[in-house]
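S.K.: Sharing a sequence plus its predicted fold:
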Amino acid sequence: SFHVIVFFLFINKKHKSCCYRCLFLCGCTDESFSIDYKNNCFLKDGKPFQYISGSIHYSRIPQYYWKDRLVKMYMTGLNAIQVYVPWNFHEAVQGIYNFTGDRDLEHFLDLANQTGLLVILRPGPYICAEWEMGGLPAWLLQKPNIILRSADTDYLQAVSNWLAVLLSKIKPWLYINGGNIITVQVENEYGSYYACDYNYMRHLWTLFRLFLGEDMVLFTTDGNTDREMRCGTLEGLYATVDFGTDTNITEAFSRQRRFEPRGPLVNSEFYTGWLDHWGDQHAVVDAQKVSRVLGEMLAMGANVNMYMFEGGTNFGYWNGADHDTRFRPVVTSYDYDAPLSEAGDPTEKLLAIRDVIKQFRDIPSGPMPPATPKFAYGFVTLRKVGNISSLLNTLSPLGPVRSQYPLTFEEMKQYYGYMLYRTTLPRDLSEPTPLISPLNGIHDRAYVSVNGVFQGLLERDTALVMNITGQQGDTVDILVENMGRVNFGSKINDYKGLLSNLILGRDVLTDWKIYPLDIDGAITGGWPHSDSEQFFPPPHKEPSVGPAFYTGTLQPNGLAWDTFLKLYEWKKGQVWINGVNMGRYWPARGPQQTLYVPGPLLSTTVPNVITVLELEGAPAHLRVLFMDRPQLSATAPKS
Ligand SMILES: CCCC/N=C1\SC[C@@H]2[C@H](O)[C@H](O)[C@@H](O)CN12
C-alpha cells in the first residue's frame, strides 16, 4: 500500500497536500525537521538547513492577494515564511470558530506549500503584532480582573479550548507529517510581560506537545535583554531572539548562546521597518542597512526571519495600540516600510535583500512579478445620510440598555467599534460648565453633543475635560469610539467605553441609555442605500460638525484595480466600501493620509457604495479622492 500511495503521489503532484495527508494518516511520511545540537544547525530530512524567512500576516491581506504576495516572497529567494494566527480573528465569539474566506488558514498554508515555501507558525495564543489586544479575544475581559497570559484558570480554560481546535487543525500541515510547517512558536516575547508565570508557559508547552507530538521543533522568541530571556524561555522550548539593524549582532547571539549553548542561531524578528502610531512621523529603516546586517547574519550561518516582509492592512477595527506614557493607537496601514509594500509592490528594499540572498543560495530564475496595477478613479462627492442620533432605529434596532451608571463595551457585550451613551442635563447650564472624566475613564474617544449639536470631544490620557452648555432636560449624546485595544505590556486588559462616571460641574451624570451600534451589520445589510428616503437634500454648503454618516457611489469603469482613498480635509472616522470595513482614517493627525483599497473589492459593472462615518466634522465640499498612489508619511502640523 505504501508503494501504491507513493506512486499516486508521484503522478498527482498538484494534489500534494492531499496526498501527504494520506501518507500522514498511514504514518508513511519520511520527512524530518530537527535541531542538530552537534553542528549548531537545523536538519531538514537529515541535511543542514538554514531558513531565510519573511513575516506575512494573512489576516492583513485579502485572500485573493495571498498567492501574489507569496510568489513575490519566493522569487526574492526566501525558503520560508513566518505566520501569526490571531486567536480573535478566528474566535470572535466564544466557542464559534471561523476558518472561512479571509480566515481560511489551511488555504493559506496550502498556497504557501504550492509556492514552495516552508512555514514558521506562531499561534500564540498571544501574538502582539500591533493587532487588537495582541490577538486575544476581547470576550476574555468578561471576567473582571482576569490575569491574561498567566495560569489564571479562566484564561487557561479558554486557551486550552482554542488550542485544541487550532493545533488539531494544523497537525496534518506539520512538515514531519508531510506538510510545510517546520517550527512552531509558543507564546510571544513572554519575557517582556510582567507576569513571568512559568506555570503558564509549562501549561502551553504541555498542550503543544500533546497536540503536535514530541518530534515538533517548538521555540520561543524574546527581546534582547537578560530579563526577557529569563522569563520568556523554558526547558524544552528552543530559545530564539529578535532584534533590528541597530543591535550588535555578536552581542545579541551571544545572549542567545547563554540560553542555548548549542543549536542554530536564530533571529526570529529582524526588523526591516517599523510600525506607525497616529501622530508619529512615518517610520522608515534604511534598505542598505537592512541588507547589510542581513548578510552579516547569514554569513554567520544564522537563521533569519525578516519582520515584516509584507505587512498589509489593519482592516476594520483590528489595529492594536501601545501604552507607554500614553495610549497610542496604531494606524490602519501596516506597510511597515517592508520589502513588499502594503499593496504588495516590490520595493528597492526587496531588491537589495534579494541581492544579498543570492550570495547564500540559488534564487528562482525568472522575473519578479510586477506591482499590481493602480488606478486613480478621481473624485466622488458624498451626501449626508444623517447624524447618529437620527439613525438609532437602524443602528441600534434593539434599543438602549438603561443603567444608572455607564456600562463598558464588554459589559454590553459589544467588543468593537462605537457605542452611544445618552442622558439628560440635570440643570440649566447658562455658563460653559466642565464635563470631566476624573478617572481618565474615556476609552478611547468621546464625541459630545447636546440636543444634536456637537460641542466637543474627550480623549483618553490627553483630553479629560471639556465645557458644555444647555438647559435642564436637554439630551446629552456621547458617542464613544473604541480605537483598538493595547497589544503590548501590562495594559492589555484594555476595557472600552465609559469606564467611570462623568462629572458635569458638581453633578455625577446618571440614568443612562446605552445604545450598542451595529454599524457593520446595518451596512452589510445594504444600509444606507437600501433606505434612500433617509438621504438629506443635496450637499449642504456649511461644513457639518459632529458624528454623522455620509454616502456616495464610485461609478464602475470596467476596471477593478488597486486604489488609494484620500479623505482630504475630513477629520477622523471610518470607511466602508461595498460593505467591507476598510479601517480608520485620521488625516487630521496623520501620518497616514490615504487608505489602501484592494482592486478586487471593487465592482466593474455596478456602482461601488462608499459609506463614511465622520466623527468630528466633514468639509463643505464632501468630496473624497481615489488616487493611484499611497500617502503614508504626512503628519499633520501640531494643532
Ligand atoms: C519596545 C517594545 C517591543 C515590543 N515588540 C515588538 S514591536 C514590533 C514587533 C511586533 O509587535 C511583534 O509581534 C513582537 O513579537 C515584537 N515586536
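M.R.: Cool, the structure landed. Numbering: from 1, shown residues only.
S.K.: For the stretch 351-500 of the chain, which segments are assigned as strands?
M.R.: 378-381, 383-387, 401-403, 418-424, 429-436, 442-443, 445-450, 453-459, 465-470, 475-481, 497-498 (DSSP state E, counting those that start in this stretch).
S.K.: Contact partners for the residue positioned nearest the centre of the chain?
M.R.: Geometric centre of the chain, nearest residue: residue 131, 3.6 Å, by CA atoms, centre = their mean. By CB atoms under 8 Å, 6 or more residues apart in numbering, the residues touching residue 131 are 57, 59, 84, 86, 88, 314, 318, 319, 320, 487. C-beta here means a position set from N, CA and C on the backbone, and glycine is covered the same way.
S.K.: if we look at the sheet, which residues does it bridge to?
M.R.: residue 319 (DSSP bridges).
S.K.: how close does it sit to residue 268?
M.R.: Distance of residue 131 to residue 268, computed by CB to CB, to the nearest Å: 17 Å.
S.K.: quick one: contacts of stretch 290-307?
M.R.: So stretch 290-307 is contacted by 40-42, 50-55, 80, 82, 120, 242, 245, 249, 253, 264-272, 339, 349, 352-353, 355-357, 359-360 (CB under 8 Å, 6+ apart).
S.K.: Show me which residues of the stretch 101-250 of the chain sit near the ligand.
M.R.: Taking CB under 6 Å from any ligand atom as the criterion, the stretch 101-250 of the chain approaches the ligand at residues 127, 128, 129, 130, 188, 189, 242.
S.K.: out of the contacts of residue 131, which one sits closest to residue 116?
M.R.: Comparing these against residue 116 with CB to CB places residue 57 closest, at 20.0 Å.
S.K.: start to end distance for stretch 500-509?
M.R.: Stretch 500-509 has an end-to-end distance of 11 Å (CA to CA, to the nearest Å).
S.K.: List the buried residues of it.
M.R.: Using 16 or more other CB atoms under 10 Å as the test for burial, stretch 500-509 gives 501, 502, 503, 504, 509.
S.K.: Show the pLDDT at residue 195.
M.R.: Residue 195 is assigned a pLDDT of 94 by the prediction.
S.K.: wait, isn't it in contact with residue 147?
M.R.: Yes - here residue 195 reaches residue 147: they are 6.7 Å apart, a contact under CB atoms under 8 Å.
S.K.: contacting residues for the residue nearest to residue 475 when sequence neighbours are not counted?
M.R.: Nearest non-adjacent residue to residue 475, counting by CB to CB, 6 or more residues apart in numbering: residue 451, 5.5 Å away. Neighbouring residues of residue 451 by CB under 8 Å, 6+ apart: 470, 474, 475.
S.K.: again with residue 318
M.R.: 59, 60, 86, 89, 131, 132, 484, 583.
S.K.: and the two most separated of the residues you listed?
M.R.: Farthest apart among these by CB to CB are 86 and 583. That separation is 15.5 Å.
S.K.: neighbour-wise, which of these two wins?
M.R.: residue 86 (26 against 21; other CB atoms under 10 Å).
S.K.: about what we covered before: among the contacts of stretch 290-307, which are located in strands?
M.R.: Using DSSP state E, the members of these that fall within strands are 41-42, 52-55, 80, 82, 120, 242, 266-271.
S.K.: Lowest average confidence across helices and strands of the chain, where is it?
M.R.: helix 2-11 (a mean of 42; mean pLDDT, DSSP states H and E).
S.K.: Phi and psi next, for residue 36.
M.R.: When quoted as degrees, to the nearest 10, the phi and psi of residue 36 stand at phi -100, psi 100.
S.K.: Once you drop chain neighbours, what's closest to it?
M.R.: residue 43 (4.8 Å).
S.K.: roughly how far apart are that neighbour and residue 183?
M.R.: Distance from residue 43 to residue 183, by CB to CB: 12 Å.
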